[in-house]
Structure formats: structure tokens, C-alpha cells
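1. Predicted model and sequence below, questions to follow.
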Amino acid sequence: MSVAVVGAGAWGTALANVAAEACGGRTPLIGRDPAAMAEIAKARVNARRLPGVALHAGVAPTADLDAVGGEDVVLLVTPMQTLREVARDLAPRLKPGAIVVACAKGVERGAHALPPQVLAECLPGFAHALLSGPSFADDVARGLPTAVTLASSDETLAAALAARLATRSFRPYHTTDMTGVALGGAAKNVLAIAAGAAEGRGLGASAVAALIARGFAELSRLGAALGARPETLAGLSGLGDLVLTATSSKSRNFALGQALGRGEAPPDKLAEGAATAEALVALAAAHGVEMPISAAVAEVVAGRVSVAAAIEGLLARPLKAEA
Ligand SMILES: NC(=O)C1=CN([C@@H]2O[C@H](COP(=O)(O)OP(=O)(O)OC[C@H]3O[C@@H](n4cnc5c(N)ncnc54)[C@H](O)[C@@H]3O)[C@@H](O)[C@H]2O)C=CC1
Ligand SMILES: O=C(CO)COP(=O)(O)O
């Protein structure tokens, strides 16, 4: 199974290293900017996105999207809001029978679509999978132990992909629950912004724990409405990634929340939860599900409500049974 990676950010670069190690062959790492990709090819390091980590000898940086043409598996690792455009660009270039694995975490603005829906709409006729779970690019690239979830509606394919991409330190579990995996990855980024804001505002570790637990409750309600399995949501790509992202300032989403909580300027880094919050709440509303923490994040990120007012609003909600 040969692998190409589209998207030469932190996660794409880390996954290209994993694929090159796991599969042993040449792994094209495809970015948009020819000058940046030439620089990465020359330096054998992605100094801007994943500094300090040498590229595996099998990784071949390029800006030529046609490089996907000969590969069996293509990992799509660009931000969620670009997934549709990138998938469309890929469609005529993929080889027949290619397997496309979405690695972005989020809900698409406008369509309120999760990654499996975008793949289904843009790449019919190809096999689809998702890769998600608690995994900082930097940890994976440094060979620290990591476990993720690989989802495909075709269980044989999910198991085969998981086995093919595994290394001694990168451990993919497999499932057929694509909706659960996609939802967990999308929602945890939004909830991590809330946790970061509480931390940044000095509300204490108890408040962060409450946000994680109540955030998981609202994620589970939406999961039930969408037909996700509870065990997926309680697994690596749901609770596992929520715990990682909502407790570490290494997370860009948590760091954005911290900055908002402290009243500082947001860091100039991708924080998928900021783009996803409103779309997630709209997706939930379309299924009759209320997500108060995510809705508060959407309001704060859009600048419509202050962090203080959002917290006050959450604390003023009526007391109710825990569910
Ligand atoms: N960094 C991490 O630790 C992890 C990230 N992810 C997910 O992976 C996705 C990508 O994240 P990162 O690589 O960390 O972000 P990043 O900000 O490091 O890199 C994003 C890359 O996408 C490229 N890009 C942007 N728009 C594009 C377009 N239209 N076409 C092609 N390329 C485009 C950018 O040039 C950049 O190289 C996100 O959805 C993120 O949630 C998932 C797990 C871990
Ligand atoms: O998804 C991630 C870890 O699993 C990375 O989180 P951030 O995008 O918040 O840095």
C-alpha cells in the first residue's frame, strides 16, 4: 500500500513520516507553495510547521498535486474549511480504487457537514476513511507513544489501513463508526476553547473539569442524534482527544481559549474550533440538540459576547438532572 499526504502542515508532515516508516516506500508530501516545498525538500525539515523534526528519508516533498496519481492511499491533511476544495481538486487525479483518508477535524461552515459527508459528495467512487484521535503532531513526529482511531464503513478496509499505518509508537485502532469519529474530532476543538478560556480567566481546575464533563455530555447528545455509537464517543477520537486538547496549552484551540480568557490577542495559528463552533451548533440545532457550551464559544469567537458574559450565561442556566 503506497501513501501520499496532501497538506504539508504540522500534522501532514508528521503523518508523512509515520507513513514512510510504516510502509517503507516513497511518500509524497504535497503542499501548495512551490517555494516552501523546495525549501523543505532541501532542508529535510519543515522548519515553519514542525521545527526540529527531520523528515524520514522516504518522504518526498513536492508542490505537484498530480503526485497523488500513483498512490493507493491519500491522506488529506489540510484544514477542515478547505477539505471540499482540496477533495474536488483531487478527484480527477486519483488512481481508480484509491482510498482517501480525511484527517481534518471540524464541521464545514455553510453546509454544516462533517468530513465523511464532504468525501461522499466530492469523491464518489473512491473508498473513504477517517483518521482522528489524541495526537499532537509534535508527539507523533518525535516517536512518542500515540493511539488514534481509523474509521471506515468497510471494516476490512479500516483494519487493513490501521495495520498498514502502524509503527512501534503509532497505534491505530479501527472502527466502522465514521460519524462518531468525525463528531468527536470536531467537537473537542470547540470544547477545548471553552476549557482554555476558563483556565485563562483563572477560574480554576474544577471549572475546567466541569466544562470537560458537561462538554462531553453535549457532544454525546449530538452523537446520539446523529447515530454515533456511545463507545466511539467515549474512545480515543471523542473523550480521549477532548481530554488531551482541553488540558494542554500545547493545543492551539486551548491556547486560543486561554488568550481570550486573559483578554490577550489570539495567537496566529490554526484553531479549528473557532471556525467550527457556529457550524457545530447549527448542526446540533438541526437535530433538535442544545449545546450550550459550544454555543457560548461560538458567540465569544464571533465577538458578540465577552468571555465574562458567556461564563455568567452558563452559570445562570437552570439547575437540572445530570444527563
Ligand atoms: N497539528 C496537530 O497536532 C494535529 C492536527 N490535526 C488536524 O489536521 C488538520 C491540519 O492541521 P495542521 O497540519 O496542524 O495545520 P497547520 O496550520 O500546521 O497546516 C495546515 C496546512 O494546510 C495548508 N493549506 C491550507 N489551505 C490549503 C488549501 N486550500 N489547499 C492545500 N493546502 C492548504 C497550509 O498551507 C498548511 O501547510 C486540522 O484539521 C487539524 O485539526 C489533527 C491531529 C493533530
Ligand atoms: O487535534 C489535536 C490533537 O489531537 C491538535 O490539537 P490543536 O489543533 O488544538 O493543536
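-> Sure, I can see it. Residues are numbered from 1 along each chain as shown. Ligands and ions are numbered 1, 2, ... in the order given.

2. OK, contacts around the residue sitting nearest the centre point of the chain?
-> Among the residues of the chain, the one closest to the centroid is Lys105, at 2.6 Å (CA atoms, centre = their mean). Shown in contact with Lys105 (CB atoms under 8 Å, 6 or more residues apart in numbering): 80, 132, 185-186, 188-189, 241, 272, 276. Heads up, the C-betas are built off the backbone N, CA and C, glycines and all.

3. among these, who's most crowded?
-> Gly185 (34 neighbours; other CB atoms under 10 Å).

4. Okay, and it sits in which element?
-> Assigned by DSSP states H and E, Gly185 belongs to helix 178-200.

5. tell me how far that helix is from the chain's mean position?
-> Taking the mean of its C-alpha atoms, helix 178-200 sits 10 Å from the chain's own mean (CA atoms, centre = their mean, to the nearest Å).

6. In space, what's closest to Arg32 - neighbours in sequence excluded?
-> Leaving aside its sequence neighbours, Arg32 sits nearest to Ala63 (CB to CB, 6 or more residues apart in numbering; 6.5 Å).

7. from memory that neighbour sits against Pro34, does it?
-> Yes - here Ala63 lies in contact with Pro34, judged by CB atoms under 8 Å, at a distance of 4.0 Å.

8. sorry, back to before: find the pair from the contacts of Lys105 with maximum spatial separation.
-> Largest separation among these by CB to CB: Met80 and Asp241, giving 14.4 Å.

9. how about the strands in the stretch 51-200 of the chain?
-> Counting by DSSP state E, counting those that start in this stretch, one finds strands in the stretch 51-200 of the chain at the ranges 59-62, 73-76, 99-102, 127-132, 146-151, 170-175.

10. So which of those is nearest ligand 1?
-> Closest to ligand 1 of the strands of the stretch 51-200 of the chain, according to CB to the nearest ligand atom: strand 127-132, at 7.0 Å.

11. Quick check: which helices or strands does that closest one pack against?
-> Where contact means 3 or more CB pairs under 8 Å, 6 or more residues apart in numbering; DSSP states H and E, strand 127-132 is packed against strand 99-102, helix 115-122, strand 146-151, helix 155-165, helix 178-200.

12. Which SSE is immediately downstream of the last one?
-> The first helix or strand that comes after helix 178-200 along the chain, using DSSP H and E, is helix 205-226.

13. how far does that following helix sit from the chain's center?
-> Distance of helix 205-226 from the chain centroid (CA atoms, centre = their mean) equals 18 Å.

14. Kindly export that helix (C-alpha atoms) in CSV.
-> Extracted in CSV, the C-alpha atoms of helix 205-226 (Å, rounded to 0.1, in the frame of the first residue of the first chain):
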residue,chain,number,x,y,z
ALA,A,205,-9.1,23.4,37.6
SER,A,206,-12.5,22.4,39.0
ALA,A,207,-14.2,24.7,36.4
VAL,A,208,-12.1,23.1,33.6
ALA,A,209,-13.1,19.6,34.8
ALA,A,210,-16.8,20.7,34.8
LEU,A,211,-16.5,22.1,31.3
ILE,A,212,-14.9,18.9,30.1
ALA,A,213,-17.6,16.7,31.6
ARG,A,214,-20.6,18.9,30.6
GLY,A,215,-19.0,19.4,27.2
PHE,A,216,-18.8,15.6,26.8
ALA,A,217,-22.5,15.4,27.7
GLU,A,218,-23.4,17.8,24.9
LEU,A,219,-21.2,16.0,22.4
SER,A,220,-22.8,12.7,23.4
ARG,A,221,-26.3,14.2,23.0
LEU,A,222,-25.5,15.2,19.4
GLY,A,223,-23.7,11.9,18.8
ALA,A,224,-26.9,10.0,19.8
ALA,A,225,-29.0,12.2,17.5
LEU,A,226,-26.6,11.5,14.6
